[in-house]
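>>> I would like to see how this sequence folds:
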Amino acid sequence: MASAFGHALLGATLGKLLLPARPNWPWWLLAAACAVVPDADVVGFKFGVAYASLWGHRGLTHSILAAVVLASSLVLLARVLRPKNQPPAGRLWLLLFLATVSHGVLDAMTTGGLGVAFLSPFEQGRYFFGFRPIQVSPIGVKRFAGAAALRVLRSEAIWVGIPCLLLYLGQRVFGPSPVNTRS
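Okay, here's the model as predicted:
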């Protein structure tokens, strides 16, 4: 898996790109959280869930269906709660879906693991992309330390951080002014 830092950075960047106005920052944070949430499946290791099972790591929680369900549930919740500065439902759904599905995309670009079950539960195959430059992050906080952490973070700085920065700068230079944009 990519680290939580890389996933959150991509989710927040998507938030900034799709909802550029500064008052939308809480939605950027929600997108960052959606990009990290699929890794909640690692708790299954504590309960003996096999890595390759439907409920295992990079299984159902990393699927396109899970992204659809999470984005739809959160947009419905937002409509019920009616928070300030709520963006249009379609735009918010797209952001939360893309942020959640971005998790599997990054994981499919890592150097380790069993692949990502994008089509779960309908099809149990696990996939990697042909281009896999991101160093796989060790699972667990204790294992993510020292040289391993530096190796992963260096890789993510190049393959996640720089593209996110370029997208952000591109929006600043070529996009609408965030001061005047509500959606």
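>>> what residues are up against residue 10?
Under the criterion of CB atoms under 8 Å, 6 or more residues apart in numbering, the neighbours of residue 10 are 35, 99, 102, 106, 160, 164. All C-beta atoms are positioned from the backbone trio N, CA, C, and that covers glycine.
>>> From residue 145, how far out is the nearest residue to the first one once chain neighbours are set aside?
Closest residue in space to residue 35, ignoring its immediate chain neighbours: residue 11 at 2.8 Å, by CB to CB, 6 or more residues apart in numbering. As judged by CB to CB, to the nearest Å, residue 11 and residue 145 stand 24 Å apart.
>>> do the same with residue 100
Counting by CB to CB, the gap from residue 100 to residue 145 is 27 Å.
>>> what about the two, which has more around it?
residue 100 (30 against 11; other CB atoms under 10 Å).
>>> Let me see the contact set for that one.
Taking CB under 8 Å, 6+ apart as the contact definition, residue 100 lies against 34-35, 37-38, 66-67, 70-71.
>>> The residue positioned nearest the centre of the chain sits in which helix or strand?
Nearest residue to the geometric centre of the chain (CA atoms, centre = their mean): residue 35, 2.3 Å. If you go by DSSP states H and E, residue 35 is part of helix 25-36.
>>> picking up where we left off before, quick one: which of the contacts of residue 100 has the most company?
residue 35 (30 neighbours).
>>> in stretch 96-113, what's buried?
Within stretch 96-113, the residues that count as buried by 16 or more other CB atoms under 10 Å are 96-110, 113.
>>> where along this structure do the helices fall?
4-18, 25-36, 64-81, 89-107, 146-156, 162-174 (DSSP state H).
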